[in-house]
Structure formats: C-alpha cells, structure tokens
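S.K.: Next comes the sequence, and after it the predicted model I'd like to discuss.
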Amino acid sequence: MPKESQFKIDQNQLEHWYKLPISERNTKNNKVIDELLLGWNRMKIRAAKKPLPGLAGFHVIFFHIPKTGGTTLDYLTAKNYRIDYVYQVNAPAFDQHVSGVFKNKAMARVLMGHYELNDYYHQLFDRKKLVQFTMIREPISRVVSYYDYLRTSPNHPKYSIAKDLSLKEFVLHKDIDEMPNGQTFRILGMLRDNLWKNTKKTDLELIDEVKYQLEHRFSLFGLTEFYDDFLVMAQRTLGWNDIFYERMNSSKEKTDKSSIPNEVIEIIKEQNSIDIELYNFAKELFKKRFDELGLSTKHVEEYKNLNKKYNELKTQQIQSTLNREC
C-alpha cells in the first residue's frame, strides 16, 4: 500500500495488477480488508461511545450494488463528510483514471461506487483502518427493478438490448449483466469477465463464501426493505448527523409484481437461488445486529416521522421560492 505522501500511480504496478488472474486479485484484496477493516464488534464499541462523523484515521467505502437504493445512500453518505473527502466513481471510470482517487496528496477518505472485490482501489488505502458497508435487496424485487431501469434509461450501455425485452427474456438473456445472482457475484468479485461461468465451486460453497464475506468483510450492511432501520443503525455506528432524505433514481416505469406470471417468478428464483440464500441470511443477521445496538421499531418510527416533516418543509420551501419568482 502507498505511503501517506504518495499521490501518483505507478503505471507498472497498475498494469501488473490488471494482468493478474481475477481470482488472485480477489485474494489480495481480501487480505487488505482483513488487515484494515473495523468489524462489527468494533462498530458496536463505537456506537456505545456516540461517535462523531469524523474520519479519525480510517477510510469509508460504500460498496454500491445496483438497484438497492444506493443512489440515495450516495447522497446521504456524501453530506455527512467534508466534500473534499468524498469521491464518487464507478469501476469502469475508476480504471480509466485511477489517479483521480487522490485528493490533497492522499487517497480520498470516502469512496462510493459500483465496484467489485477485485478492483484496484483496495491496494491504494493509505489510512490505518477501513469501514466498508453495502446494501442488499430482496432478489426478485431487485431483478424487476433492474429490468424497469434498463429499459427506460437510454444512456445505459444495455438499453438497446433491454428496451424491447419481456421480463422473461431479460432474465434469460446472455448479455444482461447482474444475471444471475448479481449481488453474490459482485460481492465475491466474480462478475468481471463472467468469472462465475467458469467456477468449479458448488452453489453450497458459493453460499458459504458470500455469507462469510458479508458478515466478516463489511463493517455493516443494510437491507433495502429496511432502509430506514439501516440509516438509524448508520447514525448510531458512524455518527452521521444528517440522515434525512427523499428517494432518488427510481425507475420511471414500474412493473406491478402481482402481474408477473408465476412461471417468470420461478425462473427468477431459479436464476438467483444463491442471492435468495444470501438475502435470507442477511435479513436474520441484520435483525440480530439491530437488536445488539439497543435499537427498536420505536427509534425507526421516530426517525420516519422526522424525515416526513423534513420532506414537507423542503416542499414548502421550494414552493415558496417558486411563488416568489412568478
């Protein structure tokens, strides 16, 4: 890893990295995570001390899985840190301009984007500790949301493929990324170059691996279906002052799940059986951790009421501004 004063990329090291087999990159990055990560037990200790949202010696990484509510979480993460600490970039753009991750002669303290385990940024950490979090979503809902998003997003590289597909065709199409088991394979670093297609590991082995990765190599995680619960957890563990929000990047068109034929639902389940196992595991672990922090539905309801008032006030202020301009 680079020294604190380093802010230039060694081109030879970078080229060597991308020549390594993806599985070797995954192993090397897991070693870095194991060395630096503030695990859940440390997060519980932080929560008990009522931490400030500062970054005392550590990086914050939001590992953004597509269509899990992450765009809103990008916004929430960014507004809790100094703007010059924050860098938001997805893996393809990061690969083209790696040096952009350095600010003020050091690596950005907060990094957010669509990444995989094998991405190079893990090798650039220059602080002593790391906090990493992600969001997991119920797999059927995520697949349907991704379908709605791609076929209504002309700027997306996959739009030309997705725009005229039925949901069944979409799920089975060989050129649609994030299929199958997109959450698992992103977390395990197996999406790139379709590494998952060539693995000799059984489904049971992959399930065990991704459960371990989520539990031990992320400081905390949330569930899209319990979004506000996660924000209360993040406020308690990360010391975030401002967790008020309104939803962002919602699909322009939404498929009514009740209208999806059972045949298609079963295909989605079959294609995402590992993700379903991951989600069920994550749901139980999240509830356990929520309780360990002494949080309850009362805390969440209080926050929801405050967030509702925030959005009402925001709407009133916008309308008042528009009325003055008319």
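M.R.: Now that the structure is in, tell me what you want to look at.
S.K.: can you give me the strands in the stretch 151-300 of the chain?
M.R.: 220-223 (DSSP state E, counting those that start in this stretch).
S.K.: what's the answer for the stretch 1-150 of the chain, then?
M.R.: Under the criterion DSSP E, counting those that start in this stretch, the stretch 1-150 of the chain carries strands at the ranges 58-63, 86-88, 102-103, 106-107, 110-113, 129-136.
S.K.: Relative to Val264, which of these is closest?
M.R.: Comparison of the strands of the stretch 1-150 of the chain against Val264 by CB to CB identifies strand 129-136 as nearest, at 22.3 Å. The way it works is simple: take the backbone N, C-alpha and C, and place the C-beta from them, glycine included.
S.K.: Check the offset of the closest one from the chain's centre.
M.R.: Going by CA atoms, centre = their mean, to the nearest Å, the spacing between the C-alpha centre of strand 129-136 and its chain's C-alpha centre is 8 Å.
S.K.: Check stretch 185-196 too.
M.R.: Chain-centre distance of stretch 185-196: 15 Å, with CA atoms, centre = their mean.
S.K.: Ala162: what's it in contact with?
M.R.: For Ala162, the contacting residues are Tyr147, Leu150, Arg151, His156, Phe170, His173, Ile176, by CB atoms under 8 Å, 6 or more residues apart in numbering.
S.K.: returning to what we had before: adding distance to Asn12 and mean neighbour count, write the strands of the stretch 1-150 of the chain out as a markdown table.
M.R.: Putting the strands of the stretch 1-150 of the chain into a markdown table (distance: least, CB to CB, whole Å; neighbours: other CB atoms under 10 Å) gives the following:
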| stretch | distance to Asn12 | mean neighbour count |
| --- | --- | --- |
| strand 58-63 | 24 | 22 |
| strand 86-88 | 24 | 18 |
| strand 102-103 | 18 | 16 |
| strand 106-107 | 19 | 20 |
| strand 110-113 | 23 | 22 |
| strand 129-136 | 25 | 22 |
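S.K.: Can you say which of the ones you listed is nearest to Met190?
M.R.: Evaluated over the strands of the stretch 1-150 of the chain, closeness to Met190 peaks at strand 58-63, with 14.5 Å, by CB to CB.
S.K.: Which secondary structure elements does the closest one sit against?
M.R.: On a contact count with 3 or more CB pairs under 8 Å, 6 or more residues apart in numbering; DSSP states H and E, strand 58-63 meets helix 70-78, strand 110-113, strand 129-136.
S.K.: possible to save these as JSON lines with mean pLDDT and distance to Arg289?
M.R.: Shown next, in JSON lines, are the helices and strands packed on strand 58-63 (pLDDT from 0 to 100; distance: least, CB to CB, whole Å):
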{"stretch": "helix 70-78", "mean pLDDT": "95", "distance to Arg289": "17"}
{"stretch": "strand 110-113", "mean pLDDT": "96", "distance to Arg289": "22"}
{"stretch": "strand 129-136", "mean pLDDT": "97", "distance to Arg289": "12"}
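S.K.: Reformat these as CSV; add distance to Lys304.
M.R.: CSV is the format used below for the helices and strands packed on strand 58-63 (distance: least, CB to CB, whole Å):
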stretch, distance to Lys304
helix 70-78, 15
strand 110-113, 24
strand 129-136, 18
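S.K.: any idea of the pLDDT on the residue nearest the centre of the chain?
M.R.: With distances taken as CA atoms, centre = their mean, His64 lies nearest the centre of the chain, 2.3 Å away. Turning to His64, the model gives it a pLDDT of 97.
S.K.: What count of nearby residues applies to the closest residue to Met43 other than its chain neighbours?
M.R.: Counting by CB to CB, 6 or more residues apart in numbering, Thr237 is the residue found nearest to Met43 once chain neighbours are left out, at 4.5 Å. Per other CB atoms under 10 Å, the neighbour tally for Thr237 reads 24.
S.K.: So which residues of the stretch 151-300 of the chain form helices?
M.R.: Applying DSSP state H, counting those that start in this stretch to the stretch 151-300 of the chain gives helices spanning 159-162, 167-172, 182-187, 203-216, 227-238, 262-271, 273-292, 297-325.
S.K.: how about these, which one is nearest Ile22?
M.R.: Across the helices of the stretch 151-300 of the chain, closest to Ile22 is helix 182-187 (CB to CB), at 11.2 Å.
S.K.: re earlier: contacting residues for the residue nearest to the centre of the chain?
M.R.: Residues in contact with His64 (CB under 8 Å, 6+ apart) are Gly70, Leu73, Asp74, Met112, Gly113, His114, Tyr115, Thr134, Met135.
S.K.: With distance to Gly57 as extra columns, can I get the helices of the stretch 151-300 of the chain in CSV?
M.R.: Listed next are the helices of the stretch 151-300 of the chain as CSV, based on distance: least, CB to CB, whole Å:
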stretch, distance to Gly57
helix 159-162, 43
helix 167-172, 44
helix 182-187, 26
helix 203-216, 21
helix 227-238, 14
helix 262-271, 42
helix 273-292, 23
helix 297-325, 29
